[in-house]
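**Q** Need a 3D model of the following:
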Amino acid sequence: MHETVLFIHSWWAYLVLLVLLVATVNFIIGISSKKEYAATDFRLALFSLIVSHIQLLIGIVLYFISPYFKAFGQLGMGEVMKDSTLRLYLVEHPLIMVIAVALITIGYSKHKNKRLSNQKFKTLGIFYGLALVFVLSRIPWSAWF
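**A** Numbering: from 1, shown residues only. Below you'll find the model as predicted:
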């Protein structure tokens, strides 16, 4: 079961990265070109929110069925923090990804209260952009390639 969930989590991550990158670039272009906020922009923001939340749910399942999770009970937190691989998979990656999804959620929620297109794009661009940076910083690249 672990291998199946890991496979889904890894491949869904490509979709999340693609959608988040496209959304962030779109929102930055919206700010710089002063275009009107349209239904497609709203859908892109919503789709980014949905795929990132699905990825978070898959990640939570993976976290608890992972062989790394047993390390907490066997080694203790001190030993986990000394091992860079365990620290990445058990602490850094999950924490940063939860923060990234929270940023996406906050940005999506805050943009709905804005009236002007530029304000909507700016809010989405900042929050989604920060989330993208956070995601890129804690992806276990060595496991991907």
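
**Q** Please report how far the residue of the chain positioned farthest from its centre lies from residue 32.
**A** Ranked by distance from the centre of the chain (C-alpha atoms, centre = their mean), the top residue is residue 74, with 29.3 Å. Using C-beta to C-beta, to the nearest Å, one gets 52 Å for the distance from residue 74 to residue 32. All C-beta spots, glycine's among them, are computed from the backbone N, C-alpha and C.

**Q** try residue 92
**A** 33 Å.

**Q** cool, residue 52 as well?
**A** 24 Å.

**Q** Of the two, give the one with the bigger neighbour count.
**A** residue 52 (26 against 11; other C-beta atoms under 10 Å).

**Q** contacting residues for the more buried one?
**A** 16, 20, 100-101, 104, 131 (C-beta atoms under 8 Å, 6 or more residues apart in numbering).

**Q** so which helix or strand takes in residue 134?
**A** helix 117-138 (DSSP states H and E).

**Q** Could you name the helices and strands sitting against that helix?
**A** helix 2-33, helix 39-65, helix 93-111 (3 or more C-beta pairs under 8 Å, 6 or more residues apart in numbering; DSSP states H and E).

**Q** ok, residues contacting it?
**A** Residues contacting helix 117-138 (C-beta under 8 Å, 6+ apart): 16-17, 20-21, 23-24, 27-28, 30-31, 34-37, 41, 45, 48, 52, 88, 92-93, 96-97, 99-101, 103-104, 106-108, 110-111, 114.
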